[in-house]
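Participant: structure here, sequence nowhere to be found:
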């Protein structure tokens, strides 16, 4: 085996963390939270419609 250099890049993300924390913008957090709730509601609706479609599909197959 040949000698290889150590991979110091693996821990480079630790250097990017600043010791001083930034203030969070509350309005942005609230806006993102509302968008996430909206996406969750839309996903629930699509899941419900998909379930109804599959159930209807299997009901038609069983009926025939």
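Facilitator: Good, I have the coordinates. Every value quoted in this text rests on a predicted model; they were computed, and no experiment measured them.

Participant: top helix in this structure by residue count?
Facilitator: helix 26-63 (DSSP state H).

Participant: lowest-scoring secondary structure element of the protein by mean pLDDT?
Facilitator: Within the chain, no helix or strand scores below helix 12-16, which has a mean of 55 by mean pLDDT, DSSP states H and E.

Participant: before we move on, the earlier item: for the longest helix of the chain, give the mean pLDDT please.
Facilitator: Helix 26-63 shows a mean pLDDT of 95.

Participant: which neighbouring elements make contact with that helix?
Facilitator: The criterion is 3 or more CB pairs under 8 Å, 6 or more residues apart in numbering; DSSP states H and E, and there are no helices or strands that helix 26-63 contacts. Heads up, the C-betas are built off the backbone N, CA and C, glycines and all.

Participant: mind listing what's buried in that helix?
Facilitator: Residues of helix 26-63 include none that count as buried (16 or more other CB atoms under 10 Å).

Participant: just use 7 as the starting number from now, easier for me
Facilitator: Fine by me, first position is 7 from now on; the one you just mentioned is helix 32-69.

Participant: could you pull up the residues touching residue 49?
Facilitator: If you count contacts by CB atoms under 8 Å, 6 or more residues apart in numbering, residue 49 has none.

Participant: could you measure from it over to residue 56?
Facilitator: Distance of residue 49 to residue 56, computed by CB to CB, to the nearest Å: 10 Å.

Participant: what's the answer for residue 46, then?
Facilitator: Distance from residue 46 to residue 56, by CB to CB: 15 Å.

Participant: residue 34 now?
Facilitator: Relative to residue 56, and taking CB to CB, residue 34 is found at 32 Å.

Participant: list the contacts of residue 69.
Facilitator: Contacts of residue 69 (CB under 8 Å, 6+ apart): none.
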